[in-house]
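*Asks:* Okay, structure incoming, though there's no sequence with it:
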Ligand code: 8YV
């Protein structure tokens, strides 16, 4: 008999679905109408030993009582901020994620966003499309990257990969995170100090309670009217209302954002601004990386089902 697997979230890629169907008896909760989900969970919950979910969907604490036999939550993503980690640990439920395989693509997107914001790519694109070039309309100069300081918040795998790329653009790198990290001489003593020291901030820290709204009005003001904010981390790490106000009032120069507080909702006030670049949470959204993430998530599920050690467990 195939092990029962509860799958949360939707839009799973075909190669993941085919592996899941091959090895598991799958229950896709998103396919059950909302009003019947509680009954469906009550029915299948006692037999479910593993859950597969995404980094943004995670699993709600309220669902756990219906899953008394749960042993593993496998996340198809690196972020585990949408999971009640302490509660899962207290019940001895293991968690896996998909680190490393997405680092390069997320770092690439951070650089793409930074370049697009600093060199004003959306404005230039509109300038050509709307015929302003042909009309010789006035065009604002962009800024150079070379010689500027990029402040990276969260100097883990992704932060360091962003730094490696930005160095080749002639940027100087500083960072902030709570622990000293691999290059203490480049670390600013606080996020505020990093914002003061930097021409641009690239947010790469994990989401969750400890980083919630870490970037607020004070940090944005320290970054200043010439400053650029890039966020490839989580929408929760920025005070979105304060960001909109700072951009609108010219207290912050520009922002390039892949993540938002209430995805997929992006406030109209943010969408209306000219000095922003917006992408729909696509740091890892490439054929190659989504394949590698799916393969790793399934490999963790199979290891668990077969009693082998998990490949990429998240330490509680
Ligand atoms: C995905 C992510 O959006 O890895 C993460 O933490 O945010 C992204 O890669 C998501 O988890 C895809 O399932």
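*Replies:* It's in. These numbers come from a predicted model, not from an experiment.
*Asks:* can we go C-alpha only for contacts and neighbour counts from here?
*Replies:* Fine.
*Asks:* Residue 154 and residue 191, how far apart?
*Replies:* The spacing between residue 154 and residue 191, counted by C-alpha to C-alpha, to the nearest Å, is 10 Å.
*Asks:* can you list residues touching both of the two?
*Replies:* Shared between the contact lists of residue 154 and residue 191 (criterion: C-alpha atoms under 8 Å, 6 or more residues apart in numbering) are residues 176-177.
*Asks:* could you give the mean pLDDT of stretch 24-41?
*Replies:* In this model, stretch 24-41 has an average pLDDT of 97.
*Asks:* buried ones in it?
*Replies:* Neighbour-count burial for stretch 24-41 flags 24, 26-27, 29, 41 (criterion: 16 or more other C-alpha atoms under 10 Å).
*Asks:* and these, which of them are in strands?
*Replies:* The subset of the buried residues of stretch 24-41 located in strands under the criterion DSSP state E comprises 26-27.
*Asks:* The buried residues of stretch 24-41 into CSV, with extra columns for distance to residue 254?
*Replies:* Formatted as CSV, the entries for those read as follows, by distance: C-alpha to C-alpha, whole Å:
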residue, distance to residue 254
24, 47
26, 45
27, 44
29, 40
41, 45
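*Asks:* ok, and the closest non-adjacent residue to residue 280?
*Replies:* Leaving aside its chain neighbours, residue 280 sits nearest to residue 258 (5.7 Å; criterion: C-alpha to C-alpha, 6 or more residues apart in numbering).
*Asks:* I'd say the one you found and residue 279 touch.
*Replies:* Yes. Checked against C-alpha atoms under 8 Å, the pair residue 258 and residue 279 is within contact range at 4.7 Å.
*Asks:* Would you mind telling me which of those two has more residues around it?
*Replies:* residue 258 (21 against 14; other C-alpha atoms under 10 Å).
*Asks:* OK, contacts around the more buried one?
*Replies:* With contacts defined as C-alpha under 8 Å, 6+ apart, residue 258 is in contact with 231-232, 278-283.
*Asks:* Out of these, which sit inside helices?
*Replies:* Taking DSSP state H, every one of these sits outside helices.
*Asks:* Switch those residues over to TSV; also include distance to residue 246 and pLDDT.
*Replies:* Compiled in TSV, the contacts of residue 258 are given as follows (distance: C-alpha to C-alpha, whole Å; pLDDT from 0 to 100):
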residue	distance to residue 246	pLDDT
231	15	99
232	19	98
278	16	98
279	20	98
280	22	98
281	22	98
282	25	98
283	25	98
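*Asks:* which stretches of the stretch 1-150 of the chain have low pLDDT?
*Replies:* Residues of the stretch 1-150 of the chain meeting the criterion pLDDT under 70: none.
*Asks:* Near the ligand, which residues of it? Just list them.
*Replies:* With C-alpha under 6 Å from any ligand atom as the criterion, the stretch 1-150 of the chain meets the ligand at residues 54-56, 76-79.
*Asks:* how does it look with 8 Å?
*Replies:* 53-57, 75-80, 98-99, 102 (C-alpha under 8 Å from any ligand atom).
*Asks:* Quick one: which of the residues you listed is the most crowded by neighbours?
*Replies:* When neighbours are counted as other C-alpha under 10 Å, the busiest of those turns out to be residue 75, with 32 neighbours.
*Asks:* Three-state assignment for that one, please.
*Replies:* Secondary structure state of residue 75, per DSSP: H, G, I helix; E, B strand; the rest coil, is strand.
*Asks:* residues in contact with the residue of the stretch 151-300 of the chain found nearest the ligand?
*Replies:* Using C-alpha to the nearest ligand atom, the single residue of the stretch 151-300 of the chain nearest to the ligand is residue 284, 4.7 Å away. For residue 284, the residues meeting the contact criterion (C-alpha under 8 Å, 6+ apart) are 102, 105-106, 290.
*Asks:* Break the chain down into its domains, please.
*Replies:* Domain ranges of the chain: 4-99+288-305, 103-278, per automatic domain parsing.
*Asks:* In the helix or strand hosting residue 124, which residues are buried?
*Replies:* When elements are assigned from DSSP states H and E, residue 124 belongs to helix 121-129. By neighbour count, and taking 16+ other C-alpha under 10 Å as the criterion, the buried residues in helix 121-129 are 123-124, 127.
*Asks:* Reformat the residues you listed as a markdown table; add distance to residue 85.
*Replies:* Putting the buried residues of helix 121-129 into a markdown table (distance: C-alpha to C-alpha, whole Å) gives the following:
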| residue | distance to residue 85 |
| --- | --- |
| 123 | 42 |
| 124 | 44 |
| 127 | 48 |
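*Asks:* Sweet, I'm off.
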